[in-house]
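Trainee: Okay, here's the prediction I keep looking at, along with the sequence it came from:
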Amino acid sequence: MNQPAPPLKATLDATPTAGRGEIIVETRSLSKVYRDFWGRQKVRALKSLDLRVQRGEIFGLLGPNGSGKTTTIKLLLGLLFPTSGQALIFGENATEVAKNERVGYLPEESYLYKFLNAEETLDFYGRLFSIPAHIRKQRAQELIERVGLGWARKRQLREYSKGMTRRIGVAQALINEPELILLDEPTSGLDPIGTREMKDLILKLRDEGKTIILCSHQLADVQDVCDRLAILHQGELKELGRVDALLKVRDVTQIRAKGLSVEAQDEVKAVIAKHMGTLISMDNPTSTLEELFLSIVRDSEARPGRRAMSEGV
Amino acid sequence: MVLEDGIPKDFADQLLSALTQFGLIFLLLTLVAFAVGFLVLAIRYGPLPAGDKIYRVLLQMLSDLGGSRLRRIFALARLAVLESIRKRVMIVFVLFSLIMIFAGWFLDTGGYDPGRGYLFFVLWTTKILIWLLAALISALSLPADLKSRTIYTIVTKPVRASEIVLGRILGFGMVGTALLIAMGLLSYLFVVRGVDHTHTIDPEALRDVKGISGKVVAKKGLTSKDHGHEHDVTIDLDKATGYTNVREGHWHEVIANDPKDLSKGYTLSKPLDLLNARVPIYGKLQYLDRQGHEGRGISVGNEWEYRRFIEGNTLAAAIWTFKGVTKANFPPEKFKDGLPIDLSRIDVFRTRKGDIESTVRGSLALRNPKTKVTSHAESFNSKKAYIDHHVIPWKLEREVIKTQAGATKDKSAGPLDLWEDLVDDEGQLEVILKCEENAQFFGVAQPDMYLLADEGSYRVNFFKGYLGLWMQMMLIIGVGVMWSTLLTAPVALLATASTVLLGQQTQFINDALNSILYPTHDKAVWGGGPIESLIRGFTQDNVTSDFKVTGATAIQFMDKILMWLVWLVSKIIPDFKKFDNSHYLIEGFNIPASVWGSQLVDLAGYMILMFLIGYMFLRNREVAA
């Protein structure tokens, strides 16, 4: 059987927070209790969360619905006030408005003004920052092209599809060239191509030195892009650490080879048996559905009108 | 009707007291807000953390207010403008235009002053539409943003709550202002064109009027019937000009088309004296009773009557003392004929049967307040429905003194000079009004008589009338935005409407407050405070009887505490009537700078209060809760 990753304490110690980089986001015993009109406790959404996120990393918040991911993001943005504990961004209290000059935020749904078009949207959000007019205009045009909405720049957002709205949402989050970007379900509503482009964009932003916190319940997204992740459940931190370390199954050895005959495979099995190992499986690997889909679409775009056929089908 | 509150106070005096009051109320509100906040937090977290949180909130408030930037405020205002335009708010103007197009069908062009009817109609239509619009856009916008969560993308930018509140007020104010300007221009055209008309005269139908010498000196007749009326016309043949009588509040000048050949007909001017902006100088009124002693004037029994009455053919009189009767205010080169005095719709109360159509005779005399030199009393006939214009010549006859031997003039010889003999060295002048008919009464109030110092521009006055509407609109926007920072859309709209309604009743609220906090025998509101009146309601106790229940003193004490809170709240509720300048416009009086100046100061005070309250609500609200 697969053994779980090392416990939380061990991964906390293993995180790159011990002086390797500047701490951008920190929560200290952060808790949030939702109350009703009379002040009675309704839900304890977050329980004593301790996190630290370093500059230049992609940090994932993973968990099922209602686990406290979005509450954490909202607390970090000052949209909610903590019941107890502290949320610090760039060393300042999260409720400080000034920190927002260096922060970009993509909400779960793209809550934008439907009566504006793409250019007006970016121009409006740009005006909220200290950006000179000519730079604001130039940056807006670049971002519209970057998210692939150049052809729809003059259309009001009410005419946009969900995927297009998501893209313009990303553009508004980047209008101030933020150092820290918080992405709430960034691939929600995107098709596989859009999802891949979003993930590529996230990785590129990381390469540009930006710090990214994303929350998602799309496990593949988190696995693909995050350097470290925290798993929340019922408002509690259940796991925290580097993605590769957390996913590594330490007592299983994986051998991948090409061009082995049946005899050769039998020999490998014999070697495993000789060394008292247990062969779990030996078969041909499968690709992911995402990779299959993307290869079909690329093939279709390259050779329109032909039905794409995968090998072995 | 006259301008009952039309005597403006000195602006500088008002400003100082207004600023003092504003400072006091601001301080009290701040103290109450922090005290309530501390209590709530202390119950939840304990006194020390509560104090710490209050301290932090205070610091953040100062930081927010200091960190507010015009750039962001204008960006948010621009968004509000775009939102209004894209959501087709301008449909209000289309609706208004449609109303104006069809209004002519049912508006009465007759009556003694049709201009009043037109003005009343456009002002009320504009007011209702603009109030509705202001309440809707201001109270619904922010709750809609909170509901759709678009606010998330705003507050996660470096935007202060103060900027959000100010941006909304400014943006909606700009939309409302643009609409109001458009509606004002259309209204102006509607009124001016609505009352504009002329008549024709058939020269053949005029009859000759002969002079003493038997020579034809004038012609008289009727004009054509246009706009529902006709005028009597008199033409001086020597001057080849004439005039009509006053009908429907106006008259026309008549000019011959060819002064040498009157058979070529006449042209009548546009209606005159219809849309005015009179600049009055008001005096202080004092009544004399039938024995000639100082009195209060007689009440004729109508409890709603605003004027007090003087008895005819007795020593009863109404005496106005005017200040500022100087050559600077009335330069002789401009006022060539004399000093213009208007009697504004003097009321008449009859105690004997007579011809109801006939007028009642009165007299006007001028007197020097110091030397008591008095001019000869000039007779006039009362005109209840119209403003009666009098021009007192610079040279006047002396007073006629009635003796047993008969009426004789003052023994001093020669005519009186108004400047030399009747105006004292401080520029004061008394005007004495009497009713000359036995058992008839004149009803007068202080603004009923004034010196007509100038005739202002009607266009400018129209603009100033709309300035009052604009200020009311801004107040509603301020109230709407304030409530929208705290409440959901329907509740915010309801709260805005309630505040506006309360703002119409500030007089009653003040009367009730004074009656309970400072009770006197002639208090305006009876029945006690909220608890006392509730008990009186249950016990069906007469409101004027003494309150005799167990613990009456304690109940009245608690009522007083409650009423002090009401007093504080009442100071935040804008007095909407105070900003209403429509009565000036409708009555044809210039809106003085002291009035609209003090209104602007009041507006600024209210807007600051509402902005701060709205900011406090939004700043301490969990946007995502």
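Mentor: Received, thanks.
Trainee: centroid residue for chain A?
Mentor: residue A:214 (3.7 Å; C-alpha atoms, centre = their mean).
Trainee: List of residues touching the helix or strand harbouring residue B:502?
Mentor: Here residue B:502, judged by DSSP states H and E, is contained in helix B:489-503. With C-beta atoms under 8 Å, 6 or more residues apart in numbering or on different chains as the test, helix B:489-503 has contacts from B:131, B:135-136, B:138-140, B:142-144, B:147, B:475-476, B:479-480, B:483-484, B:486-487, B:509, B:573-577. Just so you know, the C-beta spots here come from the backbone N, C-alpha and C atoms, and that holds for glycine as well.
Trainee: Would you indicate which residues of it are buried?
Mentor: B:489, B:492, B:493, B:495, B:496, B:497, B:499, B:500, B:502, B:503 (16 or more other C-beta atoms under 10 Å in any protein chain shown).
Trainee: I'd like the distance between the third one and chain A.
Mentor: In this case it means residue B:493. 20 Å (C-beta to the nearest C-beta, to the nearest Å).
Trainee: How about the last one?
Mentor: Here the criterion is C-beta to the nearest C-beta. By it, residue B:503 lies 28 Å from chain A.
Trainee: quick one on the thing from earlier: now render the buried residues of helix B:489-503 as CSV, adding pLDDT and distance to residue A:171.
Mentor: As requested, these are arranged in CSV below (pLDDT from 0 to 100; distance: C-beta to C-beta, whole Å):
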residue, pLDDT, distance to residue A:171
B:489, 94, 29
B:492, 96, 32
B:493, 96, 34
B:495, 96, 38
B:496, 96, 36
B:497, 96, 40
B:499, 94, 41
B:500, 94, 42
B:502, 92, 46
B:503, 91, 45
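Trainee: Can you give me the neighbour number for residue B:399?
Mentor: 19 (other C-beta atoms under 10 Å in any protein chain shown).
Trainee: My read is that it contacts residue B:376, right?
Mentor: Yes - with contact defined as C-beta atoms under 8 Å, residue B:399 counts as touching residue B:376 (5.8 Å).
Trainee: Could you list the contact residues of chain B toward chain A?
Mentor: B:44, B:60, B:64, B:67, B:71-72, B:74-75, B:78-79, B:82-83, B:86-87, B:148-160, B:622-625 (C-beta under 8 Å from any C-beta of the partner chain).
Trainee: Please tell me the pLDDT value assigned to the residue nearest to residue A:273 when sequence neighbours are not counted.
Mentor: Nearest residue to residue A:273, sequence neighbours excluded (C-beta to C-beta, 6 or more residues apart in numbering or on different chains): residue A:279, at 7.4 Å. pLDDT, residue A:279: 84.
Trainee: what about residue 116, neighbour count?
Mentor: Unless you meant another one, I'm taking chain A. Based on other C-beta under 10 Å, the number of other residues close to residue A:116 is 21.
Trainee: try chain B instead
Mentor: If you count neighbours by other C-beta under 10 Å, residue B:116 ends up with 19.
Trainee: Name the spans of the chain whose pLDDT lies under the cut-off.
Mentor: Reading this off chain A. A:1-20, A:286-290, A:292-294, A:296-297, A:300, A:304-313 (pLDDT under 70).
Trainee: try chain B instead
Mentor: B:1-11, B:108-112, B:303-304, B:353-354, B:356-357, B:384-386, B:400-413.
Trainee: just checking, what's the longest strand in it?
Mentor: For chain B, the strand with the greatest residue count under DSSP state E is strand B:278-288.
Trainee: which element follows it toward the C-terminus?
Mentor: Downstream of strand B:278-288, the first helix or strand assigned by DSSP H and E is strand B:294-295.
Trainee: quick one: strands adjacent to that following strand?
Mentor: strand B:278-288 (antiparallel) (DSSP bridges).
Trainee: SS state for the closest residue in space to residue A:88 that isn't next to it in sequence?
Mentor: What sits nearest to residue A:88 in space, not counting adjacent residues and going by C-beta to C-beta, 6+ apart, is residue A:26, at 4.6 Å. Here residue A:26 is strand, with the state taken from DSSP: H, G, I helix; E, B strand; the rest coil.
Trainee: Bridged to residue A:26, which residues?
Mentor: residue A:52, residue A:88.
Trainee: Against chain B, how distant is it?
Mentor: Separation of residue A:26 from chain B (C-beta to the nearest C-beta): 18 Å.
Trainee: about what we covered before: of the residues of chain B next to chain A, select the buried ones using a PyMOL command.
Mentor: Here is the PyMOL command that picks out the buried ones among those, judged by 16+ other C-beta under 10 Å:
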select buried, chain B and resi 60+64+72+74+75+78+79+82+83+149+150+151+152+153+154+155+156+157+158+159+160+623+624
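Trainee: Output the set of residues of the stretch 101-250 of chain A in proximity to chain B.
Mentor: A:101, A:103, A:105, A:107, A:109, A:111-113, A:115-116, A:120, A:124-125, A:127-130, A:156, A:172, A:176.
Trainee: That's all I had, so thanks and see you.
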